[in-house]
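Asks: Build me a structure from this.
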Amino acid sequence: MTPTPFAQRLTERSLTLGTRLCLGLDPRLDAYESRDALRQHTLAVLDGCAPYAACVKPQFAFYEALGLWGMQLLEDLCAAARSLDLPIILDGKRGDIGSTAAAYAQAWLMGDHAGDALTVNPFLGAETLTPFVEAAQANGGAVFVLVKTSNPGQADFQGEGVSERVAQVVARLGQDEVERSGSELSSVGAVVGATHPQELAQWRAAMPHALLLLPGLGAQGAKAADLAAAFLPDGTGAVVSASRGIQYAHALDVDAAGAAAKSFRDELNAALKL
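Replies: The predicted structure is shown next:
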């Protein structure tokens with residue numbers, strides 16, 4: 001059976017639940033008294049915040065830092081998200097050449113332990129995206145290509161037209177796909193920092209068929225009220241990620257995490273006048 005494309009799943013969930021929030025889950029061991037406490041709280045936050053989230057985004061680094069135990073937690077987290085019908089964006093920023101890129105794609109876009117989508121780094125060349133895009137399309141998944149990241153230092157290497165050139169590649173890949181499939185949104189999305197609100201209209205226009213993943217809401221300083229330009233007219237086409245502001249709300253209180261997720265959801269909807 002042909003899997004439902006990621007963009008369709010995300011759009012349907014967003015419209016059904018009325019949410020544009022991407023729930024980031026980044027468990028930091030130094031915030032907990034034990035590994036068991038970290039595990040229980042992270043899974044409880046996922047469960048408590050799922051009604052307010054369009055998707056979930058685990059950041060690999062925090063699970064890798066915990067060793068094999070952390071990777072098992074990541075697999076369990078993904079299994080729990082699937083049981084909640086919550087699309088999974090694995091934030092690994094993978095990127096490499098040839099067979100290595102293909103191996104990364106196999107690891108994180110295929111099989112039982114894979115996510116539904118993966119963030120990818122294009123800076124080794126456009127050709128390195130091919131294994132990821134092919135794996136995503138074959139499995140109903142997606143890739144989110146780094147175009148303009150949320151950190152202040154991004155200008156060191158993403159300025160002087162570099163991000164624009166990456167956006168052109170994303171747009172070309174997306175155009176090719178939608179022409180074949182007839183869908184409005186492609187499996188090739190883009191990461192554009194919510195911390196660049198003045199540029200969002202530019203990136204939306206440059207990549208008309210791309211899902212946009214906007215990190216930086218909350219702790220990094222981005223404001224929901226500034227982000228409407230990233231969305232399509234019907235309020236789809238983008239999700240906005242918040243992590244620390246939810247998972248670590250009020251001394252690890254799960255109810256507070258849920259309240260924070262609901263608040264972010266409502267702020268995004270207000271920005272879109274929904």
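Asks: how about low-confidence regions in the stretch 51-200 of the chain?
Replies: Along the stretch 51-200 of the chain, the parts satisfying pLDDT under 70 run over 112.
Asks: any idea how far the residue located most distally from the centre of the chain is from Arg244?
Replies: Residue farthest from the centre of the chain, counting by Cα atoms, centre = their mean, is Glu33 at 28.5 Å. Noted for Glu33: a distance of 19 Å to Arg244, by Cβ to Cβ, to the nearest Å. Every residue, glycine included, has its C-beta placed from N, CA and C.
Asks: where's Val188 relative to Glu177, distance?
Replies: From Val188 to Glu177 the distance is 7 Å (Cβ to Cβ).
Asks: between these two, who's got more neighbours?
Replies: Val188 (30 against 20; other Cβ atoms under 10 Å).
Asks: Can you report phi and psi for the more buried one?
Replies: When read as degrees, to the nearest 10, the backbone of Val188 gives phi -110, psi 100.
Asks: and it, what does it touch?
Replies: Applying Cβ atoms under 8 Å, 6 or more residues apart in numbering to Val188 gives the contacts 129, 133, 136, 142-143, 145, 170, 173-174, 177, 210.
Asks: repeat that with 7 Å
Replies: 133, 143, 145, 170, 173-174, 177, 210 (Cβ atoms under 7 Å, 6 or more residues apart in numbering).
Asks: Just give me the closest of those residues to Leu118.
Replies: Proximity of these to Leu118 (Cβ to Cβ) peaks at Val143, which lies at 5.7 Å.
Asks: what are the bridge partners for that closest one, then?
Replies: Listed beta-bridge partners, Val143: Leu118, Val188 (assigned using DSSP bridges).
Asks: what sits against it?
Replies: 117-118, 120, 132-133, 136, 187-189.
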